[in-house]
Each structure stands twice: as structure tokens, then as C-alpha cells.
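Q: Compute the structure for the input listed below.
(4 chains)
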Protein chains: 2
Amino acid sequence: MKGRFGKGPPENWPSHFKGWGYRVTMPRRIILQILNNAEKHLSAEEIYLRAYKIYPAIGLTTVYRTLDLLIKNGVVIKVEFGEGRARYELAGRVEGINCHQHLVCMNCRTFFDSSELTEEDINVIKKMKEKLYRKYGFSVKSCILQFYGECKDCQKNE
Amino acid sequence: MKGRFGKGPPENWPSHFKGWGYRVTMPRRIILQILNNAEKHLSAEEIYLRAYKIYPAIGLTTVYRTLDLLIKNGVVIKVEFGEGRARYELAGRVEGINCHQHLVCMNCRTFFDSSELTEEDINVIKKMKEKLYRKYGFSVKSCILQFYGECKDCQKNE
DNA sequence: ATCGATGCAAAGGTTTTGCACTGAC
DNA sequence: GTCAGTGCAAAACCTTTGCATCGAT
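A: Numbering: from 1, shown residues only, chains lettered A, B, ... in the order given. Okay, the predicted model is just below:
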């Protein structure tokens, strides 16, 4: 199971599992489809439950293993919001970088996406990316901007 | 154990545990001291091991509970690098926001800080903060910019 | 003296591993 | 027919909880 990280996700990934040298199986097809249709960051268990409805033979183990594979190939990003479980989302490519913006309420622990990066934001991130390459030889593939604070509701109930 | 999130860390926090209405105990003093001297992001176990050398009576449970307390009071930030365990670091306040920049190698899983935010970077983050408040009523207290990619060494061995 | 804080042991929850079986190539 | 991929059960981990005891105030 060699990671091909760096090549980025092929356009038609379902069939391109093969392109990476991996076998195309039902669980893999389904997991990718679920991630593609996901309206939010899903946990491994949530992915498992959705997959189960379509293909009850699936095991949670396979979900974890497939996610690892997709992460290694740069198709999926693993995110953690301090809940004690990881969440996964498709890496959407913007300007050569996959960039996600998350808000986490430190009080009630809710979290959500805010994918509202302006052109200016993206330019700054691109500059940071270049600087990190010059300075550390580190090649940035994706980035997560996680803001912690208090959500509207929690501020009210202060 | 009421969180006082939002007030920010007092300048002389060891003695100010008391200021928050909490008792000043040996474990708390030691854990804070360890975090203060830490050269990197420490896991709960690493903190425990360091504390143990100074005060062998300490328990891992207390480490977790003290960290929760410090997080709730905005003194410590909990970070996750996808290792399956959390790490903790002191929240250094910059321009009203605690901001951290992390690099994580998706191949070898090493990670490190790059706390090199330019004035421009900080301005952009401040703008984002303001926008998030206007748009969602979300009050940003700290932010983590996590870059995922490949480190120098892993690129060589490709 | 009170009651918050602690340590231990046990529980809880997520993720990983071992192994025999299955199915994609 | 091979061997990568799978599912199950068990193991491994990290973190939290219950409870009796300790100690800061």
C-alpha cells in the first residue's frame, strides 16, 4: 500500500483507484460516493452507517482502511475538532491548494465550515505556501484554517 | 468548574489560579511550569512523564483535568495532528488572537511549528476574524493555520 | 471543617491488528 | 489462480468517570 501523495486526485477518481494500482471494489466505490455527496464532515462511523444502507456486508474496518488510502493519495482530508473522533472530507482543490476554513465553538463544541476565502485570503495563503517551501523545503498540499471561539448562542447565554 | 473562557490568561497565571476561583495545588503549578518550559507541543502523557519526575504522586487523570481547566480559561490550546492523541501548548497572544501555524507531513507524520506570521498575515487574519463576527456572530479567540504536505526528507525519498 | 482537587481502577469510545476468507485482476 | 482487499473479533490506545481520600482555604 504505497502512498502516491503528491500526484493529487485524478478527475474521475472512482475508476482511477485502478490508476493508482489499487483494486476497484464495492466498498471503495461506495465510500467515495458517500464522501462526494456528504454535506458536512463525516466521522468514520457516520460513513460506515451510510455505507451499510447501500451495502450491508461492509465492515467498519474497511471504512478506516479506505480512508487511510484516500488520505495517502490526497483525495481526503482528516480533520479533528477535539471531539475525540476524527472527521473526513473530500479535499477540494483551490488554486493548487486544498484549503478549508473551520469554526469551532470552544463552549458547546459545535463546528462548521466557512469556505468563504476571498481572493486576498487565497493570495496570502499562496505566499505562505511559497515561503514555507523556500524556508523549510516543505511542500504544502492542503491547509486548514481553524478558528476557535464562541458561537453566537453561547455568547448570549454568558 | 465553570469555564471563564474569554477573559484570557492573567499575566502571572500560576498564582492566578486563585484569581479564577480555583485552588492552587502542586500538580497545577507543575503542569503549568512544564507547559511554560515546553519546547514543542506535548501530549498528555509527555506532560505526565515530565511531571512525574518532579512529583511522582501525580496521576495522569489530573493532567487531563488540569489541561481541560486551562483550555477552558484560554491559557492552553489543544491541537491534533491526526496521530490519535491530542497535544497541548500555551496560547501565545498576538494582536488579540492566539495564532499558531503548524506544518504536518502527511507522509512521515512529523509536525512542527512555524510561528512566522508577517504583519500582512496578521492583518488578513484580523480581517477574517471581523468578517466571521459580522457574518455569523462568531467571536474568534484563537486560530490555527495547519498546513499539510510533504517535508523535505520525504520529497527526496520519492 | 468544608468541599474542591486528587489518584486509582474501571469504564468508554475510537482506531488498529491478526487471521482466514473472498473476489478483482 | 493469485494475492490484494475484506470482515470479524480481539486488542490497543487515549480519555473520561466513579469513588474514597486528601488537602487548600
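
Q: separation between the closest residue to A:N36 other than its chain neighbours and B:I31?
A: Leaving aside its sequence neighbours, A:N36 sits nearest to A:L90 (Cβ to Cβ, 6 or more residues apart in numbering or on different chains; 6.4 Å). Glycine gets a C-beta too; all of them are placed from N, C-alpha and C. In this view, A:L90 and B:I31 are 39 Å apart by Cβ to Cβ, to the nearest Å.

Q: Those two: who's more crowded?
A: Higher neighbour count among A:L90 and B:I31: B:I31, with 28 against 18, using other Cβ atoms under 10 Å in any protein chain shown.

Q: Quick check, the more buried one in contact with B:L49.
A: No: in this structure B:I31 lies outside contact range of B:L49 using Cβ atoms under 8 Å: 12.0 Å.

Q: by contact count, what packs against the host helix or strand of A:D68?
A: Secondary structure from DSSP states H and E places A:D68 in helix A:60-72. Helix A:60-72 makes packing contacts with helix A:26-37, helix A:44-54, strand A:76-80, strand A:86-90 when contacts are defined by 3 or more Cβ pairs under 8 Å, 6 or more residues apart in numbering or on different chains; DSSP states H and E.

Q: Indicate whether the biggest strand by length in chain A makes contact with chain B.
A: Using DSSP state E, we find that the single longest strand of chain A is strand A:139-150. Yes: using Cβ under 8 Å from any Cβ of the partner chain, strand A:139-150 reaches chain B at A:S139, A:V140, A:K141, A:S142, A:C143, A:I144, A:L145, A:Q146, A:F147, A:Y148, A:G149, A:E150.

Q: who's the residue nearest to A:N36 bridged to?
A: Beta bridges link A:L90 to A:V76, judged by DSSP bridges.

Q: Could you list the domains of chain A?
A: In terms of domains, chain A is parsed into A:1-91, A:92-158 (source: automatic domain parsing).

Q: what element comes up after the lowest-mean-pLDDT helix or strand in chain A heading to the C-terminus?
A: When each helix and strand of chain A is scored by mean pLDDT, DSSP states H and E, strand A:93-94 comes last, with a mean of 52. Later in the chain than strand A:93-94, the nearest helix or strand by DSSP H and E is strand A:97-105.

Q: in the longest helix belonging to chain A, what's buried?
A: Secondary structure of chain A per DSSP state H: the longest helix is helix A:119-136. Applying a neighbour-count criterion of 16 or more other Cβ atoms under 10 Å in any protein chain shown, one finds A:D121, A:V124, A:I125, A:M128, A:K129, A:K131, A:L132 buried in helix A:119-136.

Q: The residue lying closest to A:S142 once chain neighbours are set aside and A:V75, how far apart?
A: Leaving aside its sequence neighbours, A:S142 sits nearest to A:N98 (Cβ to Cβ, 6+ apart; 3.5 Å). Distance, A:N98 to A:V75, using Cβ to Cβ: 10 Å.

Q: Which neighbours do the two have in common?
A: Counting by Cβ atoms under 8 Å, 6 or more residues apart in numbering or on different chains, the contacts common to A:N98 and A:V75 are A:A91.

Q: For chain A, which residues are neighbours of DNA strand C?
A: Residues of chain A found near DNA strand C (Cβ under 7 Å from any atom of the strand) are A:18, A:23-26, A:43-45, A:60-61, A:64-65, A:68, A:84-86.

Q: Pull the contacting residues for the residue minimising distance to the centre of chain A.
A: Using Cα atoms, centre = their mean, the residue of chain A that lies closest to the mean C-alpha position is A:I77, 2.6 Å off. Neighbouring residues of A:I77 by Cβ under 8 Å, 6+ apart: A:I71, A:Y88, A:E89, A:L90, A:A91, A:N98, A:H100, A:S142, A:I144, B:Y148.

Q: any weak-confidence spans in chain A?
A: Where chain A drops to pLDDT under 70, the residues are A:1-16, A:92-97, A:157-158.

Q: Up against DNA strand D, what does chain A have?
A: A:1, A:22-23, A:25, A:27-28, A:55, A:57-59, A:61-62, A:65-66, A:84.

Q: Tell me the one of the residues you listed nearest chain B?
A: Closest approach between the residues of chain A next to DNA strand D and chain B, by Cβ to the nearest Cβ: A:G84, at 8.7 Å.
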